[in-house]
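# when you get a sec, could you give me coordinates for this:
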Amino acid sequence: MKDKIFRAYDIRGKYPEDINEDVAYKIGLGYGSYIQEKFNQTTCVVSRDNRLSSPSLHKNLIKGLLETGIDIIDYGLTTTPMNYFARHINNLFGVMITASHNPRDENGFKFSFDHYSNARGEMIQDFKEYINRGIFIRGNGTVKNESIKDKYTNYVLDTLELGSKKIKVVLDPANGVPATIARHIFEKANVDLIIINEESDGNFPNHHPDPTIENNLTQLKQKVLECNADVGIGFDGDGDRIGIIDENGKMVSIEVFSILVLRDIFDKVKEKKFLYDAKCSDNFKDEVLKLGGTPIICRTGTSYTQEKVIRENIPYGFQYVGHISFNDRLFSTESAMYSALRLIELLSKTDKKLSELVATVPTYFNTPEEKFSSPDNKKYQVIESIKNLCIKLKYQYMEIDGLRIMFTDGWAYVRASNTGPNITLRCEAHTQKDVNDLRDFIVQIINKFNV
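Got it, this is the predicted structure:
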């Protein structure tokens, strides 16, 4: 297997050149052996998304697992949060076959070695070395096929506290696996429901399944305006990222949404700690401090943020890319559909429109996340060179899965992507001119070393 498929939070690559049936089979042999030898686990959870390559990868992963003697609870087609929930209720580790929001010709494996989150960092590197040794346990496992659909639906709905106002919502599951469950959940939530791109299709024929990129929300915006809806909500390919459109067809950032959540739950939770990742605007941190809470910054990556939220009993945490952990009423599963329901709950208890709520949040000037192509064997060297330049020029910086460089009028966050051959950049400042100037300055530095 190629080393590059073993990334910071999962195994991922293009199908079939990087990820294929042979790789799935070998991962099954490795995972089944590893969790028995290291953790004395003899049963695991398995499920998959709806990508065209997922059924055959699923079949061969299970084949490898069974040959190690592992017993499997196979939930078939699920969202990634449903896989997390299945692990939780069974108190088991598990594997989810998905490439999340990545292009249709990619696939991968999210898997766990503890009861907090997916494997991450050194866990994955140790697993890679274990597989490469090629010494696997042999046995005869069994498969039990089950459905998690109704249990998961009841789980997320039972914690809702809807108000009297019925919300008109447009959902866009982007033809991803959320299309197989969204109607089942939201029709039980007493909303006026419209769904677009509802056919489950791993070709993602209507648009790329990443709702954090505004260009992918064009259809959703149009439908919200056409139907005079209160809110539009988009999901990614495996259901753990959310994008939000207000009633005027404008995108609402995850940071702004998180401030609305923060204001709603702050007095209701015992722990006053709230987590955000290093890409996020300072407006969330400043709001937490204003309310008297403790902001906690964390490295980017769902495996890290979710683990920290659960381990430290943090009521709420989020990432800039649309992963949200509600941990105030239920076990955190970073579910985009649950986040959507909590937004609907919030709107159902106020006479204000979403745009009016958004208008109460202070404006900060920042750039969207940008990506600069850089080979996997070079991108980390570029970040190290930028760090050395910061030391030389005596810039203040925070080393947190990359560099968050602090200036008097803002900050820039630059890092090597953990999911692709890219360097990513986001900047923030006090004025639009300042953020533009800062962005141009950092891009020059990236280009200087990325040659």
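
# check contacts around the most centrally placed residue in the chain.
Nearest to the geometric centre of the chain sits His323, at 3.9 Å (CA atoms, centre = their mean). By CB atoms under 8 Å, 6 or more residues apart in numbering, His323 lies in contact with Asp240, Arg241, Thr302, Thr305, Gln306, Glu334. Quick note: C-beta positions are derived from backbone N, CA and C, even for glycine.

# doesn't the fifth one fall inside a helix?
Yes - Gln306: assigned to a helix according to DSSP: H, G, I helix; E, B strand; the rest coil.

# wait, doesn't Leu217 sit right on Gly234?
Yes - the pair Leu217 / Gly234 is scored as a contact, 5.6 Å apart, by CB atoms under 8 Å.

# the chain - how does it break down into domains?
3-147, 151-358, 365-449 (automatic domain parsing).

# got those domains as TSV, with mean pLDDT columns?
Below are these laid out as TSV (pLDDT from 0 to 100):
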stretch	mean pLDDT
domain 3-147	97
domain 151-358	96
domain 365-449	94
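
# pull the contacting residues for Lys378.
Lys378 neighbours (CB under 8 Å, 6+ apart): Asn450.

# look up how far Pro421 lies from it.
Distance, Lys378 to Pro421, by CB to CB, to the nearest Å: 9 Å.

# and Thr153, what does it touch?
If you count contacts by CB under 8 Å, 6+ apart, then Thr153 has Ile181, His184, Ile185, Lys188 around it.

# apart from its neighbours in sequence, what residue is nearest the last one?
Residue nearest to Lys188 in three dimensions, not counting chain neighbours: Leu157, with 5.8 Å by CB to CB, 6 or more residues apart in numbering.

# and Leu217 and Gly234? Which one has more around it.
Neighbour count, other CB atoms under 10 Å: between Leu217 and Gly234, Gly234 has more, with 33 against 24.

# now flag whichever of the contacts of Thr153 is closest to Ile254.
Ile254 has its nearest neighbour among those in Ile185, at 20.8 Å by CB to CB.

# and that closest one, how far from Cys390?
As judged by CB to CB, Ile185 and Cys390 stand 47 Å apart.

# compare the two (neighbour count), which wins?
Ile185 (21 against 17).

# checking the more buried one next. Helix, strand or coil?
Secondary structure assignment for Ile185 (three-state DSSP): helix.

# list of residues touching the helix or strand harbouring Leu438?
Take DSSP states H and E as the rule and Leu438 turns out to sit in helix 432-449. Contacting residues not belonging to helix 432-449 are listed as 365-367, 370, 372, 381-382, 385-386, 389, 405, 407, 409-410, 412, 414, 423, 425, 427-429 [CB under 8 Å, 6+ apart].

# buried set for that helix?
Asp434, Val435, Leu438, Arg439, Ile442, Val443, Ile445, Ile446, Phe449 (16 or more other CB atoms under 10 Å).

# which one among these gets closest to Leu346?
Distances from Leu346 to the buried residues of helix 432-449, taken by CB to CB, are shortest for Val435, at 29.1 Å.

# give me the neighbour count for Lys63.
With other CB under 10 Å as criterion, Lys63 counts 14.

# ok, now which ones touch it?
Tyr25, Gly28.

# if you set the cut-off to 6 Å instead, what comes out?
Residues counted as contacts of Lys63 (CB atoms under 6 Å, 6 or more residues apart in numbering) are Tyr25.

# what's the answer for Gln36, then?
With contact set as CB under 6 Å, 6+ apart, Gln36 has these partners: Ile137.

# let me know the closest of the buried residues of helix 432-449 to Arg51.
The closest of the buried residues of helix 432-449 to Arg51 turns out to be Ile446 (CB to CB; 32.0 Å).

# and the residue nearest to the centre of the chain, how far from Leu357?
From His323 across to Leu357, the span is 22 Å (CB to CB).

# same deal with Thr300?
In this view, Thr300 and Leu357 are 27 Å apart by CB to CB.

# quick one, helices of the stretch 151-300 of the chain?
182-186, 218-227, 254-265, 282-291 (DSSP state H, counting those that start in this stretch).

# between the third one and helix 282-291, how big is the angle?
Helix 254-265 and helix 282-291 meet at an angle of 20 degrees, taking axes from the mean of the first three to the mean of the last three CA atoms, to 10 degrees as the criterion.

# how about helix 254-265: buried residues?
For helix 254-265, by 16+ other CB under 10 Å, it's Ile254, Glu255, Val256, Phe257, Ser258, Ile259, Leu260, Val261, Leu262, Arg263, Asp264, Ile265.

# ok, so of those, who is nearest Tyr152?
Using CB to CB, the shortest approach to Tyr152 within the buried residues of helix 254-265 belongs to Val261, at 21.5 Å.

# in space, what's closest to that closest one - neighbours in sequence excluded?
Leaving aside its chain neighbours, Val261 sits nearest to Tyr316 (6.1 Å; criterion: CB to CB, 6+ apart).

# doesn't His207 make contact with Asn216?
Yes - contact status for Asn216 versus His207: in contact at 4.8 Å, counting by CB atoms under 6 Å.

# from Ser258, how far out is the residue nearest to Val261?
According to CB to CB, Tyr316 stands 7 Å off from Ser258.
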